[in-house]
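> this is a predicted model, with the sequence first.
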Amino acid sequence: MKNYTITVNGNVYEVTVEEGASTGAVAAPKAVAAPKAAPAPAAPKAAAGNGRVKVTAGAAGKVTKIVKNVGEAVKKGENVIMIESMKMEIGQVAVEDGTVASIDVAVGDSVDAGQVLATLN
């Protein structure tokens with residue numbers, strides 16, 4: 001028999017596992033009272049830039065590349081930011097000609113569909 005302490009969703013359990021058991025049966029865990037740590041405060045999200053045109057995420061995913069930098073000119077349809085969603089890399093494009101006013105995400109950030117990624121003037 002081996003004893004383990006397992007934490008699941010902040011709840012601590014003491015579990016005893018019988019070694020070599022052919023049935024795979026495990027003794028029922030018994031809850032152990034443990035103090036719960038206060039959740040860490042979420043990092044504040046940077047406010048979206050002040051450009052008049054927003055470039056938003058078309059799908060939830062992860063930012064893989066910042067294609068254009070603040071101050072660069074973009075044409076309608078050009079990629080501004082690339083995200084990976086469902087194992088595909090998807091370009092997030094400028095919806096009209098302009099200049100990049102802000103980049104509101106960083107490479108590696110997780111984004112939600114509709115989230116503002118950048119703004120244009």
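Thanks, I have the structure now. Residues are numbered from 1 along each chain as shown.

> can you give me the strands in the protein?
2-8, 11-17, 30-32, 53-56, 61-66, 73-74, 79-85, 88-93, 98-103, 110-111, 116-120 (DSSP state E).

> could you check the angle the first one makes with strand 11-17?
Inter-element angle recorded for strand 2-8 and strand 11-17: 150 degrees (by axes from the mean of the first three to the mean of the last three CA atoms, to 10 degrees).

> direction included, what does strand 2-8 pair against?
Partners of strand 2-8 in the sheet, by DSSP bridges, are strand 11-17 (antiparallel).

> and the strand it pairs with, how far out from the chain's middle?
A distance of 30 Å separates the centroid of the chain from that of strand 11-17, by CA atoms, centre = their mean, to the nearest Å.

> list the buried residues in that strand.
Buried residues in strand 11-17, counting neighbours by 16 or more other CB atoms under 10 Å, are absent. For every residue, glycine as well, the C-beta is placed using N, CA and C.

> ok, back up a step: give me whichever of the strands of the chain is most buried.
Mean neighbour count (mean count of other CB atoms under 10 Å) peaks for strand 116-120 among those, with a mean of 23.

> that one - contacts with which helices or strands?
Judged by 3 or more CB pairs under 8 Å, 6 or more residues apart in numbering; DSSP states H and E, strand 116-120 is in contact with strand 53-56, strand 79-85, strand 98-103.
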